[in-house]
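> Got a sequence here, can you build the structure:
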Amino acid sequence: MKKKCIVSIIIPTYKRVEKLKRAIDSVLSQTFTNWELIIIDNHSLDGTKELVDDYNNPKIKMLLIKNNGNIAKSRNLGIKKSNGKYLALLDSDDLWVPNKLQICINALKKKTILVYHDMYIQKNTKQIIFKKSGMCRDLKKPIYYDLILNGPAFPTSSVVIKKNIFKKINFFDEQKKLITWEDFDAWIRLSKINEGFKKINQVLGYRWADDENTLKPSILIKTIFLFKKKYLNNGKLPNWCKVALAKSYYNNNQLSKSFNIINKIDFKFLGTSEKIKYILLVLLIKFKKTSIFNRL
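Numbers count the residues shown, from 1 in each chain. Below you'll find the predicted structure:
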């Protein structure tokens with residue numbers, strides 16, 4: 001009798017054949033073996049199909065899609081074609097340590113619907129020293145308000161979730177206005193119907209960070225105001241939004257707007273590292289402004 005699949009691993013990809021190989025190999029190295037891997041490719045012409053075919057593994061499937069840059073469509077297609085009780089999300093440029101799935105499955109008890117963990121940041125394949133992503137924290141109840149007031153709490157590639165619960169919110173929202181933050185939006189919506197989120201206090205993967213997957217400042221600015229409209233009724237921005245806006249305006253060379261936002265940040269609620277970054281940002285803005293003035 002064929003063993004029923006427990007975990008469906010969903011990997012959306014586009015023109016990342018070399019990085020995708022690392023992601024697939026990290027799945028194949030898992031100590032937990034009752035899984036299927038569904039790769040959703042946006043019609044890459046870089047050898048992605050040939051790579052997947054070369055594995056010749058019946059547990060690995062590839063679907064094709066034209067998603068027009070909307071990764072939610074790719075993930076949802078993979079989810080709808082999946083057979084697992086649980087969904088494990090993995091971006092094509094990230095990878096997991098060998099015991100990631102086993103630890104996550106063990107943590108998904110009766111009242112726990114979603115588990116997540118921290119990941120190391122990786123910028124090149126020869127890297128030796130790694131630091132944590134800095135985007136992983138314990139969530140406090142009510143989780144909905146924690147996410148709204150404190151922002152994203154975990155990397156998407158760390159998530160393992162019960163499929164039947166995720167289905168209740170119709171998976172990821174495919175609206176164009178949610179592109180780049182459809183995952184954060186999903187966790188907010190999910191937290192309104194179930195608070196069974198659990199952080200695993202281990203680093204169980206590596207998150208790729210380079211210019212290719214870094215959000216452009218202009219896009220991040222737009223995203224924050226879309227978040228404000230949807231979840232804050234255009235009310236007051238929480239601290240994490242102000243910090244992100246200040247950095248984005250600075251990186252976009254909109255120094256006056258950056259400085260104006262900085263003045264609205266509640267300094268006393270920042271963590272130690274955030275306070276240091278805050279002070280450095282103020283100094284950089286002042287330095288830039290002085291340099292511009294001296295050139296006039």
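
> For this structure, just list every one of the strands.
All strands of the chain, identified by DSSP state E, fall at 7-13, 35-41, 60-64, 86-89, 95-96, 114-122, 160-162, 197-208.

> check contacts around the closest residue to residue 12 other than its chain neighbours.
Distances taken as Cβ to Cβ, 6 or more residues apart in numbering place residue 74 nearest to residue 12, at 3.6 Å, with adjacent residues excluded. The way it works is simple: take the backbone N, C-alpha and C, and place the C-beta from them, glycine included. Neighbouring residues of residue 74 by Cβ atoms under 8 Å, 6 or more residues apart in numbering: 12, 40, 42, 65, 67.

> hmm, 10 Å instead?
For residue 74, the contacting residues are 10-14, 39-42, 63-67, 172, 174, by Cβ atoms under 10 Å, 6 or more residues apart in numbering.

> in the stretch 1-150 of the chain, what spans have low per-residue confidence?
Scanning the stretch 1-150 of the chain for pLDDT under 70 picks out 1-2.

> ranges for the helices of it?
17-28, 48-55, 71-80, 100-107, 143-150 (DSSP state H, counting those that start in this stretch).

> Switch the ones you listed over to JSON lines, and while doing so, append distance to residue 133 to every line.
Shown next, in JSON lines, are these (distance: least, Cβ to Cβ, whole Å):
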{"stretch": "helix 17-28", "distance to residue 133": "16"}
{"stretch": "helix 48-55", "distance to residue 133": "26"}
{"stretch": "helix 71-80", "distance to residue 133": "19"}
{"stretch": "helix 100-107", "distance to residue 133": "15"}
{"stretch": "helix 143-150", "distance to residue 133": "15"}
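
> most packed of the ones you listed?
helix 71-80 (a mean of 21; mean count of other Cβ atoms under 10 Å).

> Could I get the CA-only coordinates of that one as PDB?
C-alpha atoms of helix 71-80 as PDB (Å, rounded to 0.1, in the frame of the first residue of the first chain):
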ATOM      1  CA  ILE A  71       4.200  34.700  -6.600                       C
ATOM      2  CA  ALA A  72       0.900  34.200  -4.800                       C
ATOM      3  CA  LYS A  73      -0.500  32.600  -7.900                       C
ATOM      4  CA  SER A  74       2.500  30.200  -8.100                       C
ATOM      5  CA  ARG A  75       2.200  29.200  -4.400                       C
ATOM      6  CA  ASN A  76      -1.500  28.700  -4.600                       C
ATOM      7  CA  LEU A  77      -1.300  26.500  -7.700                       C
ATOM      8  CA  GLY A  78       1.200  24.300  -5.900                       C
ATOM      9  CA  ILE A  79      -0.900  24.100  -2.800                       C
ATOM     10  CA  LYS A  80      -4.100  23.200  -4.800                       C
END
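
> Just want the angle from that helix to strand 60-64.
130 degrees (axes from the mean of the first three to the mean of the last three Cα atoms, to 10 degrees).

> And the helices of the stretch 1-150 of the chain: which comes nearest residue 234?
Nearest to residue 234 among the helices of the stretch 1-150 of the chain is helix 143-150 (13.8 Å), distances taken as Cβ to Cβ.
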